[in-house]
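# What follows is a predicted protein model with its sequence.
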Amino acid sequence: MTQNGQNAGLRNDWSLEEIKAIYYKPVLELIVEAANVHKQHQATGEVQVCTLLSVKTGGCPEDCSYCPQAARFHTGVDVHKLLSQDQVLTAAQRAKDGGSTRFCMGAAWREVRDNRDFDKVLDMVKGVNDMGLEVCCTLGMVNEYQAEKLKEAGLYAYNHNLDTSEENYSNIITTRTYGDRLDTIDNVRKAGISVCSGGIIGLGETDEDRIGMLYTLSTLVQHPESVPVNALVPVKGTPLENQPLVTVWEMVRMIATARILMPKTMVRLSAGRERMSVTDQALCFLAGANSIFTGEKLLTTPNPDFDADKAMFDLLGLTPRKSFKEEVVDARC
Ligand code: SAM
Ligand code: DTB
Ligand code: SF4
């Protein structure tokens with residue numbers, strides 16, 4: 001058992017065999033076990049509400065085969081350059097008014113470059129942070145120095161997904177390596193920024209790949225503070241456009257295993273909710289999911305609208321989680 005400061009009481013020495021034994025449990029047994037872990041470590045019934053904004057859409061030089069924003073695929077995505085500070089702050093205010101506590105800005109970049117666009121993003125981070133929201137960015141790869149600049153500007157979290165297992169990575173993306181991904185996560189961690197890293201299921205990967213990704217995440221020196229679990233949204237024009245949709249049981253298995261391995265982490269039911277019924281989503285919450293993206297768009301694809309999510313929260317008796325930033329303030333009072 002690891003007993004370093006932040007990981008106290010949490011394990012990062014899981015073996016593949018142990019993870020397999022959890023993942024392959026009969027699904028109802030798995031849900032019960034995950035629900036128990038959830039109850040011990042999380043405030044049940046509380047769900048973190050996050051909103052996404054694509055601040056720079058499309059034209060990306062990478063070849064991620066799931067992504068509508070890769071320039072080489074013809075997906076008809078609405079390509080635009082970096083939004084203005086005004087446009088971003090207006091969207092952030094709307095998200096805040098809608099009950100979001102985290103605002104995540106995504107850019108279709110391979111990596112951050114030290115140029116005027118990065119300076120503008122730093123200003124956006126400052127502006128959104130000043131509004132009292134937890135600011136998150138997902139901008140591709142960052143080096144140590146860029147991570148520090150983001151931290152200084154007030155960045156709370158950085159999203160950088162592993163997406164799949166190390167073994168499967170080159171079947172999905174060839175323009176960078178798994179090691180590149182891990183290096184960025186490390187740079188973000190060193191800068192003292194909260195780490196958000198997870199993946200996608202439904203890419204054509206095997207169960208062993210899903211287990212492999214969970215193994216990498218749960219054996220990092222410190223678990224990511226959030227782990228998004230995305231169901232592939234197949235987009236016309238991408239190489240994965242004809243992939244069959246994942247079932248709710250596959251999502252549940254992934255979420256429940258993540259919850260058991262990383263009890264203190266926020267597990268986010270991310271892309272794919274548009275096609276899920278409230279009953280399906282309820283199973284995911286039962287299995288340990290406690291964060292979602294709200295607002296009618298993710299980055300480029302649809303998401304349930306505000307009213308549908310409000311009705312779901314009411315029906316299931318869920319309450320929006322308050323901001324981690326507020327908790328820090330409370331603790332100081
Ligand atoms: N360019 C940056 C990067 O790759 O880290 C940030 C933006 S990228 C769109 C963020 C994440 O969105 C990806 O890592 C992937 O997990 C997810 N994503 C992209 N397209 C998706 C799709 N069609 N279905 C589900 N998730 C998707
Ligand atoms: C994450 O894991 N999922 C979000 C967020 N992090 C950046 C993105 C989902 C994108 C789904 C496809 C789209 O809307 O373009
Ligand atoms: Fe570019 Fe990110 Fe999409 Fe890959 S996932 S093509 S890096 S925007």
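Structure received. Ligands and ions are numbered 1, 2, ... in the order given.
# Tell me, how many residues neighbour residue 9?
Residue 9: 10 surrounding residues under other Cβ atoms under 10 Å. C-beta here means a position set from N, CA and C on the backbone, and glycine is covered the same way.
# cool, and the one 3 residues further on?
The criterion is other Cβ under 10 Å. On that basis, residue 12 has 17 neighbouring residues.
# likewise the one 4 residues further on?
Counted with other Cβ under 10 Å, the neighbours of residue 16 add up to 13.
# Give the full set of residues in contact with it.
Going by Cβ atoms under 8 Å, 6 or more residues apart in numbering, residue 16 touches 211, 212, 215.
# Residue 222 and residue 33: what is the separation?
As judged by Cβ to Cβ, to the nearest Å, residue 222 and residue 33 stand 23 Å apart.
# who's more crowded, those two?
Using other Cβ under 10 Å as the criterion, residue 222 and residue 33 rank with residue 33 on top: 18 against 14.
# What count of nearby residues applies to the nearest residue to that one once chain neighbours are set aside?
Leaving aside its sequence neighbours, residue 33 sits nearest to residue 260 (Cβ to Cβ, 6 or more residues apart in numbering; 6.1 Å). Residue 260 has 24 neighbours, counted by other Cβ under 10 Å.
# okay but residue 260 is in contact with residue 35, surely?
No. The pair residue 260 / residue 35 is not scored as a contact, 10.1 Å apart, by Cβ atoms under 8 Å.
# Need the overlap of contacts for the two.
By Cβ under 8 Å, 6+ apart, residue 260 and residue 35 have these common neighbours: residue 288.
# hmm, back to that, tell me the one among the contacts of residue 16 nearest to residue 101.
residue 215 (30.3 Å; Cβ to Cβ).
# Go through the helix or strand containing the closest one and flag the buried ones.
For residue 215, the host element (DSSP states H and E) is helix 207-218. For helix 207-218, burial by neighbour count (16 or more other Cβ atoms under 10 Å) applies to 209, 210, 211, 212, 213, 214, 215, 216, 217, 218.
# least trustworthy helix or strand in the chain by mean pLDDT?
Lowest on mean pLDDT, DSSP states H and E among the helices and strands of the chain sits helix 324-332, with a mean of 60.
# anything in stretch 55-62 near ligand 2?
No. Judged by Cβ under 6 Å from any ligand atom, stretch 55-62 makes no contact with ligand 2; its nearest approach is 8.5 Å.
# If you average the pLDDT over that stretch, what comes out?
Averaged across stretch 55-62, the pLDDT comes to 98.
# residues making contact with that stretch?
Under Cβ under 8 Å, 6+ apart, the answer for stretch 55-62 is 67-71, 77-83, 88, 105-110, 117, 121, 124, 140, 173, 175-176, 299-300.
# which of the residues you listed count as buried?
For the contacts of stretch 55-62, a burial check counting by 16+ other Cβ under 10 Å picks out 67-70, 77, 82-83, 88, 105-109, 117, 121, 124, 140, 173, 176, 299-300.
# Kindly identify which of those residues also come near ligand 3.
Applying Cβ under 6 Å from any ligand atom, the subset of those adjacent to ligand 3 comprises 67, 69, 70, 108, 140.
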